[in-house]
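Asks: need a structure here:
(one chain, ligands or ions: 1)
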Amino acid sequence: MHHERSEAAFGKAQEYLAGGVNSPVRAFNAVEGTPVFISEASGARIKDIDGNEYIDFVGSWGPMIVGHAHPEVVNMLQTLIGRGTSFGTPTELETELGRRVVEMVPSIERVRFVNSGTEATMTAIRLARATTGRPKIIKFAGNYHGHSDSLLANAGSGVMTLGIPSSPGVTEGTVADTITVPYNSLPAVRDVFNEVGDQVAAVILEPIAGNMGVIPPAIGFLQGLRDMTKEHGALLIFDEVISGFRVAPGGAQEYYGVTPDLTALGKVVGGGLPVGAFGGRADLMDQLAPTGPVYQAGTLAGNPLAMGAGVATLEILSKPDTYNKLESLGAKLEQGLRDAASGASIPIHVNRVGSMMTGFFQDGPVTNFESAAKSNTDRYGAYHRKMLDQGIYLAPSQFEATFVSLAHTDADVAAAGEAAARALGSL
Ligand code: KE4
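Replies: Below you'll find the model as predicted:
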C-alpha cells in the first residue's frame with residue numbers, strides 16, 4: 001500500500017490544526033507511520049485518499065455499531081437536512097430519542113442530551129455533587145471520562161497512550177476532590193469510604209473499561225460498588241459512553257444486572273453525529289435547570305440531525321438477534337487473534353465483552369491500569385502497521401478497544417485473523 005496523499009495531507013493539516021488532528025489519538029503517535037486520511041466509508045469498510053480500502057475495526061471509536069452510511073441512517077438524515085439543521089427550540093425528535101433511551105437503559109427515568117461524552121460525564125458529576133452536597137468523586141486509574149478538568153486525573157485513553165499521568169493546565173485545586181483508585185479493587189474503594197465516606201458525592205467508572213484497552217469488571221465488583229455507595233449515601237455513576245447500547249440494549253447495567261443512579265452515554269446514541277447524554281433517577285434529573293438549580297446548557301444540544309441519526313441507529317439495534325450477531329462476530333474475532341498469536345508464539349492476552357475487545361501484547365491477566373501498562377506497546381505499534389498495510393484498520397493505540405459492527409461479516413472477521421497470523425509471523 002502507498003500513502004503519499006495521506007502523508008502530504010498530514011503535513012498540510014499540521015499547518016492549520018494543532019498536531020494536524022482534532023483528537024490526539026488520531027495522530028498515530030503510539031504506532032508506526034502517519035495517519036491515513038479517510039475520504040468515505042460504507043458498511044464495515046473505510047477508504048483513504050490514496051484509494052486504499054480497509055476493514056474498519058475502530059468504527060469511529062464506537063459510534064458506528066450498525067456500520068458506516070447505513071441506508072436507514074442516511075435516509076433519515078436526507079429527509080431532515082432539507083428542513084433546516086438547528087432551531088435552538090424543542091423538537092419532537094428529542095422526545096423520541098429520549099423515549100427510546102428511557103425505554104432501553106434501566107437506570108434512566110429522565111435524560112438530558114448534550115454534544116459529547118465529556119459534557120455528559122462532566123454534568124453528571126456536577127449533578128451528583130449538587131444533589132448530595134458533597135465534594136469528592138472516586139474514579140479509577142485507567143478510566144477515561146472525557147477531558148473535563150476534574151476528571152482528567154490518571155486518565156486512560158489518549159492520556160494513557162501519551163503517557164501523561166494527568167494533563168498540564170489541570171490545577172491542583174481542580175483535582176483535589178478527585179480520588180483515583182485501582183480498577184477492580186473493592187478494598188481500595190472501601191478504604192476511601194472508611195476515610196472520607198461522608199464527603200463522597202459519587203463513584204464514577206466505566207462498567208466495562210475501554211480506555212486502557214478492554215477490561216471487564218471483576219465478578220462482584222459492580223455489585224460491590226452499588227452496595228458501598230448505597231451504604232454511604234453516595235451516587236453510583238456508570239460512564240457507558242462506550243458500553244451503552246454496545247453490549248446489550250441497556251448497556252453494561254443490563255448485561256451485568258447492576259443499576260447505577262446516573263448514566264453517561266455518547267457515541268452509539270448519536271449514530272455518528274455529535275451526541276452525548278446523561279440520565280438517571282427522575283428525582284436527581286429534576287434538579288437540573290430549568291426545573292432545578294443545577295445549571296447545564298448547550299446551543300446545539302438535542303440537534304435534530306443528531307437526534308435523527310440516534311433514533312435511526314437505536315431502531316436498527318432494536319431488531320431481533322442484534323446482540324447475538326454482535327456476540328458471534330466478537331467471539332470469532334477473538335478466536336482468530338488467539339489462533340494467530342499461538343501460531344506465531346507471540347503472547348497476546350485477549351479481553352472481550354460482546355463486540356468490544358482488546359488483544360494486549362503480553363501474557364496477562366489484564367485487570368487494571370497497572371497490568372495493562374505492562375503491554376509491549378512497541379510490538380503493538382509494529383503489528384498495527386502490518387495490519388494496516390494488509391487492509392485491516394485497528395485502533396492506533398494498544399490502550400483502546402477493537403469493535404465489530406452489524407455490518408461486519410464472518411468473512412471480514414476471518415480475513416482479520418488471517419492478516420493477524422501474517423503480521424504476527426513477521427514481527
Ligand atoms: P467524547 O467527549 O470524546 O465524546 O467522550 C469522552 C468519553 C467519555 N467516556 C468514555 C468511556 C469514553 O471512551 C470517551 C471517549 N473515548 C475516546 C476513545 N476511547 C474517544 C476517542 C478520542 O478521544 O478521539
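
Asks: quick one, strands of the stretch 251-400 of the chain?
Replies: 262-265, 276-280, 349-353, 356-360, 392-393 (DSSP state E, counting those that start in this stretch).

Asks: ok, and what's touching the first one?
Replies: Around strand 262-265, the neighbours that count as contacts under C-beta atoms under 8 Å, 6 or more residues apart in numbering are 101, 105, 107-108, 117, 120-121, 124, 127-128, 145, 202, 235-241, 244-245, 251, 253, 276-281, 284. The C-beta positions use only the backbone N, C-alpha and C, and glycine is treated the same way.

Asks: please redo it, this time with the cut-off set to 6 Å
Replies: Applying C-beta atoms under 6 Å, 6 or more residues apart in numbering, the contact partners of strand 262-265 are 105, 107-108, 120-121, 124, 237-241, 244, 277-280.

Asks: residues contacting Asp412?
Replies: Here Asp412 is in contact with Ala44, Ile55 (C-beta under 6 Å, 6+ apart).

Asks: what about dumping the CA coordinates of the helix or strand encompassing it to CSV?
Replies: Using DSSP states H and E, Asp412 sits in helix 410-425. Taking Å, rounded to 0.1, in the frame of the first residue of the first chain, the C-alpha atoms of helix 410-425 are listed here in CSV:
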residue,chain,number,x,y,z
ASP,A,410,-17.8,-13.8,9.2
ALA,A,411,-15.6,-13.3,6.1
ASP,A,412,-14.4,-9.9,7.3
VAL,A,413,-13.5,-11.4,10.7
ALA,A,414,-11.8,-14.4,9.1
ALA,A,415,-9.7,-12.0,6.9
ALA,A,416,-8.6,-10.2,10.1
GLY,A,417,-7.5,-13.4,11.6
GLU,A,418,-5.5,-14.4,8.6
ALA,A,419,-3.9,-10.9,8.4
ALA,A,420,-3.0,-11.2,12.1
ALA,A,421,-1.3,-14.5,11.5
ARG,A,422,0.8,-13.0,8.7
ALA,A,423,1.5,-9.8,10.7
LEU,A,424,2.5,-11.6,13.9
GLY,A,425,4.5,-14.2,12.0
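
Asks: returning to what we had before: so which of the strands of the stretch 251-400 of the chain gets nearest the ligand?
Replies: strand 276-280 (5.7 Å; C-beta to the nearest ligand atom).

Asks: what pLDDT does the closest residue to Ala420 other than its chain neighbours get?
Replies: Spatially, and ignoring its direct neighbours in sequence, Ala420 is nearest to Ala340 (3.8 Å; C-beta to C-beta, 6 or more residues apart in numbering). If you check Ala340, the pLDDT there is 98.

Asks: please apply the same query to Gly156.
Replies: For Gly156, the predicted pLDDT is 45.

Asks: same check, this time on Ser150
Replies: Looking at Ser150, the pLDDT reads 88.

Asks: go on, Gln335?
Replies: So Gln335 comes in at 98 (pLDDT).

Asks: same check on Thr171?
Replies: pLDDT, read off for Thr171, is 80.

Asks: also Val159?
Replies: 45.

Asks: repeat that for Ile179.
Replies: 89.

Asks: check which helix or strand it maps to.
Replies: With DSSP H and E as the criterion, Ile179 is inside strand 178-181.

Asks: just checking, what packs against the next helix or strand after that strand?
Replies: Moving toward the C-terminus from strand 178-181, the next helix or strand (DSSP H and E) is helix 186-196. For helix 186-196, the packing partners by 3 or more C-beta pairs under 6 Å, 6 or more residues apart in numbering; DSSP states H and E come out as strand 178-181, helix 221-232.

Asks: including mean neighbour count and distance to Ala18, could those go into TSV?
Replies: Output for the helices and strands packed on helix 186-196, formatted as TSV (neighbours: other C-beta atoms under 10 Å; distance: least, C-beta to C-beta, whole Å):
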stretch	mean neighbour count	distance to Ala18
strand 178-181	21	26
helix 221-232	18	37
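
Asks: I'd like these as JSON lines, with distance to the ligand appended.
Replies: Formatted as JSON lines, the helices and strands packed on helix 186-196 follow (distance: least, C-beta to the nearest ligand atom, whole Å):
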{"stretch": "strand 178-181", "distance to the ligand": "15"}
{"stretch": "helix 221-232", "distance to the ligand": "15"}
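
Asks: just the closest residue of the chain to the ligand, please.
Replies: Taking C-beta to the nearest ligand atom, the chain has Gly117 as its residue nearest the ligand, at 2.4 Å.

Asks: quick check, that residue in contact with Gly276.
Replies: Yes. Gly117 is within contact range of Gly276, at 4.8 Å (criterion: C-beta atoms under 6 Å).

Asks: who's more crowded, those two?
Replies: Gly117 (30 against 27; other C-beta atoms under 10 Å).

Asks: next up, the contacts around that one.
Replies: Gly146, Val241, Gly266, Gly276.

Asks: of those, closest to Ile137?
Replies: Gly146 (13.5 Å; C-beta to C-beta).

Asks: give me phi/psi at that closest one?
Replies: phi 100, psi -180 (degrees, to the nearest 10).

Asks: hmm, it is touching Thr123, no?
Replies: No. Contact between Gly146 and Thr123 fails when scored by C-beta under 6 Å: they sit 10.6 Å apart.

Asks: higher neighbour count, the two?
Replies: Legend: neighbour count by other C-beta under 10 Å for Gly146 and Thr123, higher for Thr123 (24 against 20).

Asks: that one: which element?
Replies: Assigned by DSSP H and E, Thr123 falls in helix 117-132.

Asks: quick one: strands adjacent to the following helix or strand past that helix?
Replies: Where DSSP H and E defines the elements, the next helix or strand beyond helix 117-132 is strand 136-140. Using DSSP bridges, the strands paired with strand 136-140 in its sheet are strand 178-181 (parallel), strand 200-205 (parallel).

Asks: where are the low-confidence patches of this structure?
Replies: 154-165 (pLDDT under 70).

Asks: up against the ligand, what does it have?
Replies: Applying C-beta under 6 Å from any ligand atom, we find that the chain lies next to the ligand at 23, 25, 61, 116-118, 121, 144-146, 157-158, 206, 210-211, 239, 241-242, 266, 276, 400.

Asks: quick one, which of those residues are buried?
Replies: 25, 61, 116-118, 121, 144-146, 157-158, 206, 210-211, 239, 241-242, 266, 276, 400 (16 or more other C-beta atoms under 10 Å).

Asks: any idea how far the residue of the chain closest to the ligand lies from Arg385?
Replies: According to C-beta to C-beta, to the nearest Å, Gly117 and Arg385 sit 29 Å apart.

Asks: same question for Glu119.
Replies: For Glu119, the distance to Arg385 - C-beta to C-beta - is 34 Å.

Asks: between the two, who's got more neighbours?
Replies: Glu119 (24 against 17).

Asks: understood, closing this out.
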